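*Asks:* Dropping the sequence and predicted coords here.
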Amino acid sequence: MPTPNGGVDEHTHALRFKWFRRMLGHVEPGRMIDLGAGHGKFAIDAADRGWKVTAHDARGDRFPVDDRITWEVGDVRDVDLGGYDLIACLGLFYHLTLDDQLSLLDRASGTPLILDTHVANGARSPMDHKLSEVVTVQGYAGVHYREPDQAKHSTASWGNEHSFWPRPQALFRMLEERGYDVLVARPFYLPTRTFFLCLPENS
Ligand SMILES: C[S@@+](CC[C@H](N)C(=O)[O-])C[C@H]1O[C@@H](n2cnc3c(N)ncnc32)[C@H](O)[C@@H]1O
């Protein structure tokens, strides 16, 4: 039975906000875009801490009312990431194909990024995600995730039936190739999922 916190328990929910705030604190408040903002709680949390926030999602039905925030409905594949001081990508990356992940990171490159995502680390997902065997695509090892029915799940992918979960080393390489140094929140808050603070080299 899903909980109000996107299927995670209160403890896990609180841990997510703890890591988000810890990582947010590494960057001077300015303009932030929250990609895949969904319920909008992280966008509001950042606004409470002095950030000017744009919240972006393919589905706007869960957006709350908060006049401090610019709420935008759109596909992350098309979003212009220029002009932001920080990009938050929480719970979205693992819903994208590898091509779309690489495109997103190409556009994000040079801007601090807080990434919260699953990785294919061999641990068992407690949420019964449908995962393939390990494959290598474009030189990156990972697994394909078969998305649930998009018509029934407001947290699912948008327009792609399969997404890509990179192996941890593949994710680090994707990020390093785009000029990021990566700090990892440990322990993972779910067996396959944690926060990554990605800072442009020399920043
Ligand atoms: C698991 S929810 C994450 C919500 C929130 N960011 C969090 O971490 O709790 C994933 C969100 O990504 C959005 N999403 C999925 N694919 C997208 C796409 N291609 N473009 C924009 N938003 C997308 C979904 O609509 C959903 O709101």
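*Replies:* Thanks, I have it.

*Asks:* Please name every helix or strand in contact with the biggest helix by length in the chain.
*Replies:* Ordering each helix of the chain by length in residues (DSSP state H) puts helix 10-24 first. Applying 3 or more CB pairs under 8 Å, 6 or more residues apart in numbering; DSSP states H and E, one finds that helix 10-24 contacts helix 41-48, strand 86-90, strand 113-118, strand 193-200. Where C-beta positions appear, they are placed from N, C-alpha and C, glycine not excepted.

*Asks:* Nearest to the ligand, out of these?
*Replies:* strand 86-90 (3.6 Å; CB to the nearest ligand atom).

*Asks:* Is the ligand within reach of whichever helix or strand comes after the longest helix of the chain?
*Replies:* Once the chain leaves helix 10-24, the next helix or strand it forms, by DSSP states H and E, is strand 31-35. No - counting by CB under 6 Å from any ligand atom, the ligand is not contacted by strand 31-35; separation bottoms out at 6.7 Å.

*Asks:* What residues does this structure have near the ligand?
*Replies:* Residues of the chain lying close to the ligand (CB under 6 Å from any ligand atom) are 6, 36-38, 42, 57-59, 75-77, 90-92, 95, 155, 157-158.

*Asks:* Name the surrounding residues that touch stretch 133-148.
*Replies:* Stretch 133-148 is touched from outside by 94-95, 98, 102, 118, 120, 129-132, 153, 156-157, 160-167, 169-170, 173-174, with contacts defined as CB atoms under 8 Å, 6 or more residues apart in numbering.

*Asks:* Would you mind listing the buried residues in that stretch?
*Replies:* 140-145, 147 (16 or more other CB atoms under 10 Å).

*Asks:* now that stretch: how far from the chain's centre is it?
*Replies:* The chain centroid and the centroid of stretch 133-148 are separated by 17 Å, computed with CA atoms, centre = their mean, to the nearest Å.
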